[in-house]
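**Student:** could you work out the structure for the sequence below:
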Amino acid sequence: MNDTLQILFGLLGGLAVFIFGMNMMSECLQKAAGEKMKSILELLTKNPVMGVLAGALTTAVLQSSSATTVMAIGFVSAGLMSLPQSISIILGANIGTTMTAQIIAFKISDYIYLFIFAGFAVSYLAKTEKVKNIGQTVFAFGLLFLGIETMGGVMKPLAGSPFFINMIEKVADIPVLGVLVGTFMTLVVQSSSATIAVLQNFAEQPLADGVTSVLGLAGAIPILLGDNVGTTITALLASVGQAKDAKRTALAHCIFNISGCLLFIWLIEPFAVLIRMLSPAGPEVAVISRQIANAHTMFNLAMTLIWTPLLPYMVRLVSGIVREGEKTSQELSEPMFLDSKLTAQPAAALRLVEKEMVRCGECANLLLLDLSGLVKAEDSKLSVRMLEQTDQARRLYEQVTEYLAELFSAGSMSEEQANEAAGLMYLLGDFDRIVFLSQEVLELLTVKSEKKKKSSAFSKEAQRDLEHSLALIGEMYEEAFQMLLSGDREKIKKIRKKKEKMLDLSLHMRKAHMDRVAKGKCSAKLTKPFYKILNALDRLSNSCANIADHEIGFLTQKGEYGKLM
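**Tutor:** Here you go, the predicted model:
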């Protein structure tokens, strides 16, 4: 194999190991952090400064500004976050992403294999999921540096190549060319952390004197600026097909990085002097990696300090560019909040599922109300509309179930998050059962008598009892649903009493029907459909009680007073 191919394959292989290690570390850190991610995200509702802090902390945990940006876009698209909040998250994410470069600047090449072995041993021998995740994080951390070491090793021959040195001199002397190189690199790799790691390793290669960097800080800064511009493509791709505020959030990310590039490209020399003053002293090749990491941090910190007080103007600017479009009606069967791009961030994805679950619960509630109204006054148009609603509601439930299945298959959830997802899936089954039983009752209620085609086949007494039963079930469901929203344990007592009352009412209705049949007030042919309705009503009351019991079990497992939203 010739030297060129060996360098190319070594660089690509080292980059692959680095990206794999970084992604694995991100996933394991998420699992180890678990529900603490929710606490970080709750900071978003405070103010722009807290939003910046939350974005920085989230990115430090996820080890990816792209992941945080995609999360923010998903939240704003789902209506869980306002546009100013999402933009403040983006500002913070740009600070948090500099942590990777700072970590890389530490020279731990002598301990790489120790990290890999220790991480493997802990994850292999661990009995608990949390300890296993910590071990895998350490293992991935070692892989990350192994990738860096591999790239650094294959780059050494480049420092002695006259052709390559001449090409680098052109890049260093023409800042715009450096920006284009950095942008292209990040567009290809889709990770600014990876391209900055390559930049740090390459800049560490010495010239013939063994002291001077082949690139130098002034030559590295334009490439660094280009890396920051290139990473905005991830946000733009994530906003495709999303709501207008999601597109505005992605645009704000672009404006933040591009405006910083346009500002700092005129200040490269004084900026380089400042970074050298703030960084450790020593031979250039020994400190250049730290200088690049500090330049990355200072660039994003400075731009965040500039844009945070100007946040209202940023909101106005992106709102003016991405204008309001025509509002389209949302089909009941279409999820409003789920985002497939967030399945790799379960802490965020589960919040979207919770939001969609509230909508699922409201669908079931509306059907129960309509069903009660149908008993009072038969309406063929209402019957047709309700049949359409039941079909759409069940299709919605199927899509939510599929989304939860995607979360499981992604393998990013901690054990606690997996239990929460399983609980949501169980709860969704009760919602679906209520819709299915409502549809069954609806179809049985529309049975016509042979003589009176336009009137109900059931007697006034039977209709009155059915109306009473459906009203009682509606109250049970409303209290169970409110219990989900508020986490109020006290409602369970009322629900259980109503369930007992429903059992008594069911027995009374069965006996009353047989009395009417004996007296000739009801046709004996109606016994089968009437009893089917009563069986469906019994199962509806059981589902309402199941929802409440599920919430009690969930709160007990969590050891706290929780709620769905």
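**Student:** residue contacts, the closest residue to residue 126 other than its chain neighbours?
**Tutor:** Counting by Cβ to Cβ, 6 or more residues apart in numbering, residue 126 lies nearest to residue 132, which is 4.0 Å off, once chain neighbours are set aside. Backbone N, C-alpha and C define where each C-beta goes, glycine included. For residue 132, the contacting residues are 122, 123, 126, by Cβ atoms under 8 Å, 6 or more residues apart in numbering.
**Student:** state the helix or strand in which residue 132 lies.
**Tutor:** helix 129-155 (DSSP states H and E).
**Student:** OK, contacts around residue 296?
**Tutor:** Contacts of residue 296 (Cβ under 8 Å, 6+ apart): 98, 101, 196, 224.
**Student:** one more: residue 391?
**Tutor:** Contacts for residue 391 (Cβ under 8 Å, 6+ apart) come out as residue 333.
**Student:** ok, and what's touching stretch 223-237?
**Tutor:** Under Cβ under 8 Å, 6+ apart, the answer for stretch 223-237 is 65-66, 69-70, 73, 90, 94, 97, 171, 178-187, 190-192, 195-196, 199, 249-250, 253-254, 257-258, 260-261, 264-265, 292, 295-296, 299-300.
**Student:** backbone phi and psi for residue 337, please?
**Tutor:** Dihedral pair for residue 337: phi -120, psi -20, per degrees, to the nearest 10.
**Student:** correct me, but it touches residue 350?
**Tutor:** No - Residue 337 lies out of contact with residue 350 (Cβ atoms under 8 Å); the separation is 11.4 Å.
**Student:** please enumerate the strands of the stretch 301-450 of the chain.
**Tutor:** Taking DSSP state E, counting those that start in this stretch as the test, none of the stretch 301-450 of the chain falls into strands.
**Student:** so where's it shaky on pLDDT?
**Tutor:** The stretch 301-450 of the chain contains residues with pLDDT under 70 at 324-332, 375-380, 446-450.
**Student:** so what pLDDT did the closest residue in space to residue 465 that isn't next to it in sequence get?
**Tutor:** Of all residues not flanking residue 465 in the chain, residue 509 sits nearest, at 4.8 Å (Cβ to Cβ, 6+ apart). Residue 509 is assigned 88 on the pLDDT scale.
**Student:** now for this structure, the helix or strand with the poorest mean pLDDT.
**Tutor:** helix 36-41 (a mean of 63; mean pLDDT, DSSP states H and E).
**Student:** following element in sequence after that helix, please.
**Tutor:** In N-to-C order, the element after helix 36-41 by DSSP H and E is helix 48-62.
**Student:** that next one - contacts with which helices or strands?
**Tutor:** helix 3-33, helix 36-41, helix 65-78, helix 83-96 (3 or more Cβ pairs under 8 Å, 6 or more residues apart in numbering; DSSP states H and E).
**Student:** in the helix or strand residue 549 falls within, what counts as buried?
**Tutor:** For residue 549, the host element (DSSP H and E) is helix 527-558. The neighbour-count check on helix 527-558 (16 or more other Cβ atoms under 10 Å) flags 530, 533-534, 536-538, 540-551, 554-555 as buried.
**Student:** and stretch 101-112, by the same measure?
**Tutor:** For stretch 101-112, burial by neighbour count (16+ other Cβ under 10 Å) applies to 101, 103, 104, 105, 112.
**Student:** likewise for stretch 6-26?
**Tutor:** Buried-residue list, stretch 6-26, by 16+ other Cβ under 10 Å: 7, 10-11, 14-15, 17-19, 21-26.
**Student:** what does stretch 414-432 give?
**Tutor:** In stretch 414-432, counting by 16+ other Cβ under 10 Å, buried: 414, 417, 418, 420, 421, 424, 425, 427, 428, 430, 431, 432.
**Student:** just the CA trace of that stretch, in CSV.
**Tutor:** Provided in CSV are the C-alpha atoms of stretch 414-432 (Å, rounded to 0.1, in the frame of the first residue of the first chain):
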residue,chain,number,x,y,z
SER,A,414,-32.3,3.7,30.7
GLU,A,415,-34.2,1.1,32.7
GLU,A,416,-36.2,3.8,34.4
GLN,A,417,-37.1,5.4,31.1
ALA,A,418,-38.0,2.0,29.6
ASN,A,419,-40.4,1.3,32.5
GLU,A,420,-42.0,4.7,32.0
ALA,A,421,-42.4,4.0,28.3
ALA,A,422,-43.9,0.6,29.0
GLY,A,423,-46.4,2.3,31.4
LEU,A,424,-47.4,4.8,28.8
MET,A,425,-47.9,2.0,26.3
TYR,A,426,-50.1,0.2,28.9
LEU,A,427,-52.1,3.4,29.5
LEU,A,428,-52.5,3.9,25.7
GLY,A,429,-54.0,0.4,25.6
ASP,A,430,-56.8,1.5,28.1
PHE,A,431,-57.5,4.6,25.9
ASP,A,432,-57.7,2.4,22.9
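**Student:** quick one: low-confidence parts of the stretch 51-200 of the chain?
**Tutor:** 63, 78, 152, 155-169.
**Student:** before we move on, back to that, Throw the buried residues of stretch 6-26 into JSON lines and include distance to residue 283 and pLDDT, thanks.
**Tutor:** Output for the buried residues of stretch 6-26, formatted as JSON lines (distance: Cβ to Cβ, whole Å; pLDDT from 0 to 100):
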{"residue": "7", "distance to residue 283": "25", "pLDDT": "74"}
{"residue": "10", "distance to residue 283": "25", "pLDDT": "81"}
{"residue": "11", "distance to residue 283": "25", "pLDDT": "78"}
{"residue": "14", "distance to residue 283": "24", "pLDDT": "81"}
{"residue": "15", "distance to residue 283": "27", "pLDDT": "79"}
{"residue": "17", "distance to residue 283": "28", "pLDDT": "85"}
{"residue": "18", "distance to residue 283": "25", "pLDDT": "79"}
{"residue": "19", "distance to residue 283": "30", "pLDDT": "79"}
{"residue": "21", "distance to residue 283": "28", "pLDDT": "81"}
{"residue": "22", "distance to residue 283": "28", "pLDDT": "75"}
{"residue": "23", "distance to residue 283": "34", "pLDDT": "76"}
{"residue": "24", "distance to residue 283": "34", "pLDDT": "80"}
{"residue": "25", "distance to residue 283": "31", "pLDDT": "78"}
{"residue": "26", "distance to residue 283": "34", "pLDDT": "72"}
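**Student:** any chance of these in JSON lines, with distance to residue 462 too?
**Tutor:** Shown next, in JSON lines, are those (distance: Cβ to Cβ, whole Å):
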{"residue": "7", "distance to residue 462": "86"}
{"residue": "10", "distance to residue 462": "82"}
{"residue": "11", "distance to residue 462": "80"}
{"residue": "14", "distance to residue 462": "78"}
{"residue": "15", "distance to residue 462": "74"}
{"residue": "17", "distance to residue 462": "73"}
{"residue": "18", "distance to residue 462": "73"}
{"residue": "19", "distance to residue 462": "68"}
{"residue": "21", "distance to residue 462": "69"}
{"residue": "22", "distance to residue 462": "67"}
{"residue": "23", "distance to residue 462": "63"}
{"residue": "24", "distance to residue 462": "64"}
{"residue": "25", "distance to residue 462": "66"}
{"residue": "26", "distance to residue 462": "62"}
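**Student:** no further queries at this time; thank you.
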